[in-house]
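A.B. asks: need a structure here:
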Amino acid sequence: MASKETLPVYLPITRLDQVIELISKRSLTDVSSGFFVAHKFNQSDASLAVNMLKFLGVADENGKVIQETFRKFQVLGESRKKGIEEIIRPAYAKLFGTVEAPQDLPINELTNDLARIYGLSARVSKPATLAFLKLCEYAGLKEEGSIVGRKRTEGSNKSGQTTNTKSGSESQSSRGRSSERDDLIHIDTGTSEVVFRISKDIQDRAWNNDDLNADMRILVRSVKAFAEKYGIPKENDSLTEGKA
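C.D. replies: Purely as a prediction, here's the structure:
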């Protein structure tokens, strides 16, 4: 259960995915911002990652991992979805107790409800809404692939702009490539061999356009099916990594 002082999760979606991937593959007894900094999080995101685990009841106020909750991320299939649902419902008890099926609300209505129920500022309420919906996706309460986040690159500053750290020749060779655009959202395909990005503008318009939203989901499912058929799953790439 989350403490009264802990805000709901508002970690950027790409970082939220990374947190869940990290805790799904490791045996941990405690968590700290240093752990996430060691895995290339900036200090701000590292602190938000720790707060996320505390809010979800995966770690206590001192950062000690609560193993019963922690292990629910480490199973597979429907058991994993059920376990994550058992985590998010009590964590967001005030939301679920006030609003019926909040994960199905229009995005703006859900944002307003989160802000009102938890006393969130406008700056926090939007990322908190996306984080909640992404957790609902992990729990099987929303369709997989319906919530995506913007791909972060090393050198990005807090405003989302990217600092150029390449040499002159590298910078010139990369100009014009779509992968360098900062308005593209990365959609995880489960493999490093198939990369799929879509513009943030299209995703934003999909919130209020049912036809576009439905077509985008079909596109995401098709890309993921292609990746599953022809790509190498990320799990295979990580077998040699070992556990921390």
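
A.B. asks: so where do the helices sit in this protein?
C.D. replies: Counting by DSSP state H, the chain has helices at residues 13-24, 33-37, 43-55, 67-70, 77-91, 93-98, 107-118, 122-138, 168-174, 200-206, 210-230, 234-237.

A.B. asks: Put together CSV for the ones you listed, with mean neighbour count, mean pLDDT and distance to residue 187 on each row.
C.D. replies: Every C-beta, even on glycine, is put in place using the N, C-alpha and C of the backbone. Shown next, in CSV, are the helices of the chain (neighbours: other CB atoms under 10 Å; pLDDT from 0 to 100; distance: least, CB to CB, whole Å):
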stretch, mean neighbour count, mean pLDDT, distance to residue 187
helix 13-24, 19, 94, 10
helix 33-37, 17, 95, 23
helix 43-55, 21, 95, 20
helix 67-70, 16, 95, 27
helix 77-91, 16, 96, 20
helix 93-98, 14, 96, 26
helix 107-118, 17, 95, 18
helix 122-138, 20, 95, 12
helix 168-174, 10, 42, 21
helix 200-206, 15, 68, 10
helix 210-230, 14, 76, 6
helix 234-237, 12, 47, 14
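
A.B. asks: what about the ones you listed, which gets the closest to residue 194?
C.D. replies: helix 210-230 (3.8 Å; CB to CB).

A.B. asks: how far does the closest one sit from the chain's center?
C.D. replies: Put simply, helix 210-230 sits 18 Å off its chain's centre (CA atoms, centre = their mean, to the nearest Å).

A.B. asks: do the same with stretch 132-149
C.D. replies: Worked out by CA atoms, centre = their mean, stretch 132-149 lies 9 Å from the chain centre.

A.B. asks: try stretch 116-123
C.D. replies: On CA atoms, centre = their mean, the centre of stretch 116-123 falls 20 Å from the chain's centre.

A.B. asks: which outside residues touch it?
C.D. replies: If you take CB atoms under 8 Å, 6 or more residues apart in numbering as the criterion, stretch 116-123 is touched by 7-8, 10, 94-95, 98, 114-115, 128.

A.B. asks: For that stretch, list the C-alpha coordinates in CSV.
C.D. replies: Presented in CSV, the C-alpha positions along stretch 116-123 are these (Å, rounded to 0.1, in the frame of the first residue of the first chain):
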residue,chain,number,x,y,z
ARG,A,116,-8.5,16.2,-8.0
ILE,A,117,-8.2,13.0,-6.0
TYR,A,118,-4.4,13.2,-5.3
GLY,A,119,-4.0,16.9,-5.3
LEU,A,120,-1.6,16.9,-8.3
SER,A,121,-0.3,19.9,-10.1
ALA,A,122,-0.9,20.4,-13.9
ARG,A,123,2.8,19.6,-14.4
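
A.B. asks: how's the protein carved up into domains?
C.D. replies: For the chain, automatic domain parsing gives the domain ranges 13-138, 180-244.

A.B. asks: Compare these and report which one is nearest to residue 145.
C.D. replies: For residue 145, the closest of the domains of the chain is domain 180-244, at 4.0 Å, according to CB to CB.

A.B. asks: Next, give me the two most distant ones among the contacts of stretch 116-123.
C.D. replies: Greatest spatial distance in the contacts of stretch 116-123: 10 and 98, 18.6 Å, computed using CB to CB.

A.B. asks: Correct me if wrong: residue 138 contacts residue 20.
C.D. replies: Yes: applying CB atoms under 8 Å, one finds residue 138 in contact with residue 20, separated by 6.7 Å.

A.B. asks: can you put the helices of the chain in TSV and add distance to residue 145?
C.D. replies: Converted to TSV, those look like this (distance: least, CB to CB, whole Å):
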stretch	distance to residue 145
helix 13-24	12
helix 33-37	25
helix 43-55	21
helix 67-70	26
helix 77-91	14
helix 93-98	23
helix 107-118	16
helix 122-138	8
helix 168-174	28
helix 200-206	12
helix 210-230	4
helix 234-237	16
